[in-house]
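S.K.: Need coordinates for the following:
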Amino acid sequence: MKAIKKRKLYLIIATLFVTSVAFRLITGLHFGHTSLLFVGLPTVLAVTLVAASKTTKTMMGLMLKVVTLFLLLSGILLGEGLACIIMAAPIFYGVGAVVVWLYNHRKYSNRSHFFSLSLLPMLVLGLQIPRINEAPQWRTIETIQTISTTNNIEVLGHPQSLPEELPLFFQLGFPKPIDWKIDGVSVGDSSAIVFDSSTKGLGTMLLKVVERTENSVLYTFISDNTHMSHWLTFKTVKVSINTLENGQKQIQWQTTYACSLGPQWYFEPIEDFAVGLMQAHLIQHFFI
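M.R.: The predicted structure is shown next:
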């Protein structure tokens, strides 16, 4: 029994070592926000674990334990660890489970089938690796709220205190806004928002007004050196306000951005949710 436990411990250590080396190679080659990390790494982890194991009875449970341990350890290195772990965990477990299932499904046939099938996720993720000079895939998220307020579009140009309490989703470890400076809402006016990352330090997001009407303001992003720029790239923000027949105001907040994480089919819905939540929170802060 002790010998079996020792072998299992050595197997876990060896698998974590191989995965750690792969993790350092991926991040060192600046693919830390692509599918190579979020799909390729759990594939390497699961394949290594299966290839080195002599039993299949508890393979799925062992894989889940090793993935959990790796995610907990990587949280120390990834920065904003809790948020990264929560977002990446389902895909890590999912890819690992698929690889183990393929192995168990093929264990009574030619074993070479397992290793060829385990490469399928790698072939899929290969299509997700960003190519040099590839144009960003811009997407626009729109939030519309009808509220009772006396504020107009000018409120965006008045210096405001920062929102006192962020939604729970943004309290999971994302960079936090700690200061902002708003010059106004005339064409050419700029706004600077400073974010604090627990591991990357301070970063500033700079916006500039490029279009202004009586009821709308269009901002473009001039620069962004916050840690969030590793996850998504902002392009423009447009805020419009219209008065309805009943006297209420309809606020329309639109943000155009590109997802910088791969695979995009997995991370885009998460980022869409985050951007929509941010817009609803800012509408409440400025106009109510």
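
S.K.: where in the stretch 51-200 of the chain is pLDDT low?
M.R.: 52-57, 75-82, 84, 106-134, 159 (pLDDT under 70).

S.K.: mind listing the strands for it?
M.R.: 139-147, 176-182, 190-197 (DSSP state E, counting those that start in this stretch).

S.K.: Can you add mean neighbour count and distance to Y93 and give those back as a markdown table?
M.R.: To be clear about C-beta, it is placed using only N, CA and C from the backbone, and glycine gets the same treatment. Output for these, formatted as a markdown table (neighbours: other Cβ atoms under 10 Å; distance: least, Cβ to Cβ, whole Å):
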| stretch | mean neighbour count | distance to Y93 |
| --- | --- | --- |
| strand 139-147 | 15 | 27 |
| strand 176-182 | 14 | 29 |
| strand 190-197 | 18 | 27 |
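
S.K.: Let's have those strands in CSV, adding distance to T58.
M.R.: Supplementary listing: the strands of the stretch 51-200 of the chain in CSV, determined by distance: least, Cβ to Cβ, whole Å:
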stretch, distance to T58
strand 139-147, 43
strand 176-182, 42
strand 190-197, 40
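
S.K.: The closest residue in space to K181 that isn't next to it in sequence bridge partners, please.
M.R.: Spatial nearest neighbour of K181, excluding adjacent residues (Cβ to Cβ, 6 or more residues apart in numbering): A192 at 4.8 Å. As for beta bridges, A192 partners with K181, L206 under DSSP bridges.

S.K.: rewinding a little: would you mind saying which of the strands of the stretch 51-200 of the chain lies nearest L156?
M.R.: Nearest to L156 among these is strand 176-182 (7.4 Å), distances taken as Cβ to Cβ.

S.K.: Next, report how far the closest one is displaced from the centre of its chain.
M.R.: 21 Å (Cα atoms, centre = their mean, to the nearest Å).

S.K.: residues in contact with it?
M.R.: By Cβ atoms under 8 Å, 6 or more residues apart in numbering, the residues outside strand 176-182 that reach it are 156-160, 162-163, 166, 170, 189, 191-196, 202.

S.K.: Quick check: S260 touching L232?
M.R.: Yes. Between S260 and L232 a contact is recorded at 5.4 Å, counting by Cβ atoms under 8 Å.

S.K.: Out of those two, name the residue with the larger neighbour count.
M.R.: Comparing S260 with L232 by other Cβ atoms under 10 Å, the one with more neighbours is L232, at 21 against 18.

S.K.: so what's the more buried one up against?
M.R.: 257-261, 271, 275.

S.K.: Please repeat the previous calculation with a cut-off of 7 Å.
M.R.: 257-260, 271 (Cβ atoms under 7 Å, 6 or more residues apart in numbering).

S.K.: So which of those is the closest to E211?
M.R.: Of the contacts of L232, the one sitting nearest to E211 (Cβ to Cβ) turns out to be Y257, at 18.0 Å.

S.K.: For the closest one, list each beta-bridge partner.
M.R.: Beta-bridge partners recorded for Y257 (DSSP bridges): R139, F234.

S.K.: Can you get me a residue count around it?
M.R.: Using other Cβ under 10 Å: Y257 sits among 24 other residues.

S.K.: V99 - how many residues pack around it?
M.R.: So V99, with other Cβ under 10 Å, has 26 neighbours.

S.K.: No further queries at this time; thank you.
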